[in-house]
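Asks: Attaching a predicted model along with its sequence, questions to come.
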There are 2 protein chains.
Amino acid sequence: MSANLGNNLDPWLSAYAERAHTLSVSEVRALFAVVSRPEVVSLAGGMPYVSALPKELLEKSYTSLMAKKGDLAIQYGGGQGDLTLRDQVRELMALEGIRSSVEDIVMTTGSQHGLELLSGLFIDEGDVVLAEGPSYVGALGIFRHYQAHVEHVYTDQDGMSPEALEESISRLKEAGRTIKFLYLVPNFANPSGVTLAAERRPKILEICRKNHILVLEDNPYGLLYFDKPVPDALRSMDEDGVIYLGSFSKILAPGFRVGYVLAPPAIRDKLVLAQESAILCPSSFSQMMISEYLLNSDWQAQIDTFRGVYRERKDAALGAMREFLPKLHTTQPDGGFYLWVTLPDGVDSKAMLPLAVKELVAYTPGTAFYGDGTGQNKLRICYSYPTPERIRLGIQRLATVINLQTELLDTFGTKGAAN
Amino acid sequence: MSANLGNNLDPWLSAYAERAHTLSVSEVRALFAVVSRPEVVSLAGGMPYVSALPKELLEKSYTSLMAKKGDLAIQYGGGQGDLTLRDQVRELMALEGIRSSVEDIVMTTGSQHGLELLSGLFIDEGDVVLAEGPSYVGALGIFRHYQAHVEHVYTDQDGMSPEALEESISRLKEAGRTIKFLYLVPNFANPSGVTLAAERRPKILEICRKNHILVLEDNPYGLLYFDKPVPDALRSMDEDGVIYLGSFSKILAPGFRVGYVLAPPAIRDKLVLAQESAILCPSSFSQMMISEYLLNSDWQAQIDTFRGVYRERKDAALGAMREFLPKLHTTQPDGGFYLWVTLPDGVDSKAMLPLAVKELVAYTPGTAFYGDGTGQNKLRICYSYPTPERIRLGIQRLATVINLQTELLDTFGTKGAAN
């Protein structure tokens, strides 16, 4: 074998496609190994607390499913997904003001795969994707894989700023760039926890419509509000310009890998073809388990149970932040799984992570949520999985690490700390 | 909206990526709508006969799974797949002579997704993929989507011809083409039903090794032999140059969407990253259901049951071919789901399909299994799903249509019939 064809580590090094080199180990992924050690309080991965789901409800779904249509449940299904479940998804989306037809709904292998397939349909190398700053790490990975440039638009406690969006678009257009879509998580965003304010929603849509930019509205957390429901979905205000992505991972369980996409008809047609090419069809068994669950259980009451769990954990997290890290700014989420914390100037959350793990606490560094290396003095706390007591303990440990870092900076100084 | 940005049917027409235009409705897909009418005998889609799986076996898996690890089953899992199941897959592959480590096995959403992710890792636009002629329609769709040129290598009743492979490679190399891999289904191939002869296997591997061409061995049917086991897998003879794809869709049930890939370490690493980007992780629930099934049931006896079912249906299909279409050549499979039938010269299987459907029988036209438009006078019969009586009825109906076509050709002649 000649030297230019490979090396000792990988004889196929020269054979990979260009896009294979866009794959890299994410900062979140490296953390998963750490998380599995029971002594570490993980405030990192975004796992829902599935123990709050009574397993009898699934038992009922399983029994009912196999009695009624066992053979169908284990057979290949249609590429667009199960019709009964799509009709139930239609009703689910109506809770956020969305009117839709089952014909325009496509079931996917988690909403991640919906986003992956849509990105494949739209992104050519060098295209621009607009996103919140910060934005969901899993989406950024997909956009990078398709060799898009991600442009983060200024985002505050009310979500993405319409003025900043308009400014970004005109700057990019002047530079001759092609903007393919705006990706956003409007409710209890990952990682920021913020919600796009009701009055900003029509403005964002109007700006996108005017500039012929498609909107991808990713909404896994919308039903997990603490007190009052979220504003109506962007999709409820624009049927032609918005693709809506939803998921059962947070309101039921992620182990089924079932999400869904609502798209305008022409895009939906292409999405079904892309899905058939990628996986033939989504899992009948997973889809039908969920369909039976929605049919036989009081799923709205179960979502209420989840809301209670996450509200209590959010309160524990914010309480511990006030107690142990009173000087740090954190977002105040009205739902979902996340706090977004700003560290003192000069403290680098990624560099600090090994020290935190040594103190037996893990989080996700802020840079994971930007495509451009910013977010160094930010970190994400996910409070969805540990118990309130563990959350308090984790944040106490985190305070030890942060305070030590701050002292070191105060004593010895750095360029960052001097600002 | 200006005219060049879209049209009335699709306002986003100008926004699609180049690769979106590679998606087209497959010939097999169009048939699925027809298949659902109960009066039509479908010899088209490749559905396994899942009714032969006693549902009590799944009940046992479900009960055992939820009792032992219900929370894990519905939670996110690792991107590489469930470790216990990977160890069981290792044992399963050992039945075909493969030695492997759990570290090198990646669970996928059906083996289709394994093939899709691998194609994404290797194929740049314009690259060549070598394949049998005919080859699996679902693979051809993926290769087209990645804008590969598929070069079909001459294949006879003993599988792909090593001489033809060598000839194709040197011709392509002379033309300056980049060959990325050889894709083949060595056992009871879809659609031809043929098996790659034992003595050809090392020859094929040697040719590929010499030319630094990776081999993708796709083996969903290998354990479904009628009489004697298949020759050892290509992967058992070459650990560095072969990627092996397997599936539970045919030996258990496709509704779980669980397949697997065994790959050299460097490729496996990239495959896991690609999978995490695409779907985060495969379904824990589906994987663990299968793991419990393998643990608690006599799955080898169940595969024996499937073998008996498919052997009986193959006999029914070949018997009906002898009875109603004695002059036509058909392959004689030793396992799997398919017959590959050669029609009289001048009969076009695709043009004939609507007439067949009118006679209440469906099949898959031969052109679906070629990337280059050939296969016009071929068709695939899938005997796995209908009962033996229905298979006989279907082939009787097919004979009516083919005989009418042949008579018309004999009477009026065409260029094809005149040969």
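Replies: Arrived safely.

Asks: drop to CA atoms for contacts and neighbour counts, all remaining ones
Replies: Will do.

Asks: how about the strands in chain A?
Replies: Taking DSSP state E to define them, one finds strands in chain A at A:41-42, A:105-108, A:128-133, A:149-156, A:159-160, A:179-184, A:214-218, A:242-247, A:259-262, A:329-330, A:338-342, A:361-362, A:364-365, A:378-382.

Asks: just so I know, which of those strands lies nearest chain B?
Replies: strand A:179-184 (6.5 Å; CA to the nearest CA).

Asks: quick one: buried residues of the closest one?
Replies: Across strand A:179-184, burial judged by 16 or more other CA atoms under 10 Å in any protein chain shown covers A:179, A:180, A:181, A:182, A:183, A:184.

Asks: about what we covered before: is it possible to get CSV of the strands of chain A that adds distance to chain B?
Replies: Supplementary listing: the strands of chain A in CSV, determined by distance: least, CA to the nearest CA, whole Å:
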stretch, distance to chain B
strand A:41-42, 15
strand A:105-108, 9
strand A:128-133, 12
strand A:149-156, 14
strand A:159-160, 23
strand A:179-184, 6
strand A:214-218, 8
strand A:242-247, 11
strand A:259-262, 11
strand A:329-330, 27
strand A:338-342, 17
strand A:361-362, 18
strand A:364-365, 17
strand A:378-382, 15
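
Asks: now the closest residue to residue A:83 other than its chain neighbours: how far from chain B?
Replies: Spatial nearest neighbour of residue A:83, excluding adjacent residues (CA to CA, 6 or more residues apart in numbering or on different chains): residue A:102 at 7.3 Å. Distance, residue A:102 to chain B, using CA to the nearest CA, to the nearest Å: 17 Å.

Asks: Residue A:102: neighbour count?
Replies: By other CA atoms under 10 Å in any protein chain shown, 17 other residues sit near residue A:102.

Asks: Also residue A:59?
Replies: When neighbours are defined as other CA under 10 Å, residue A:59 has 16 of them.

Asks: Pretty sure residue A:80 is one of the things residue A:272 touches, is it not?
Replies: Yes - with contact defined as CA atoms under 8 Å, residue A:272 reaches residue A:80; the gap is 5.6 Å.

Asks: Give me the common contacts of those two.
Replies: Here residue A:272 and residue A:80 have residue A:106 as joint contacts, going by CA atoms under 8 Å, 6 or more residues apart in numbering or on different chains.

Asks: the helices in chain A, which residues?
Replies: Under the criterion DSSP state H, chain A contains helices at A:27-35, A:55-73, A:83-94, A:110-122, A:137-145, A:162-174, A:200-210, A:265-279, A:284-296, A:299-324, A:349-358, A:388-412, A:415-418.

Asks: got the angle between the third one and helix A:299-324?
Replies: Computed by axes from the mean of the first three to the mean of the last three CA atoms, to 10 degrees, the angle separating helix A:83-94 from helix A:299-324 equals 50 degrees.

Asks: Over to the second one?
Replies: For helix A:55-73 against helix A:299-324, the angle between stretch directions is 130 degrees (the same axes, to 10 degrees).

Asks: quick one: contacts for residue A:188?
Replies: The contact partners of residue A:188, by CA under 8 Å, 6+ apart, come to A:194, A:195, A:221, A:222, A:333, A:334, A:335, A:336, A:337, A:338.

Asks: how about 7 Å then?
Replies: A:194, A:195, A:221, A:333, A:334, A:335, A:336 (CA atoms under 7 Å, 6 or more residues apart in numbering or on different chains).

Asks: now those as JSON lines including pLDDT?
Replies: Listed next are those as JSON lines, based on pLDDT from 0 to 100:
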{"residue": "A:194", "pLDDT": "97"}
{"residue": "A:195", "pLDDT": "98"}
{"residue": "A:221", "pLDDT": "98"}
{"residue": "A:333", "pLDDT": "97"}
{"residue": "A:334", "pLDDT": "97"}
{"residue": "A:335", "pLDDT": "98"}
{"residue": "A:336", "pLDDT": "98"}
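
Asks: ok, and the most crowded of the residues you listed?
Replies: Sorting the contacts of residue A:188 by how many neighbours each has (other CA under 10 Å) puts residue A:336 first, at 30 neighbours.
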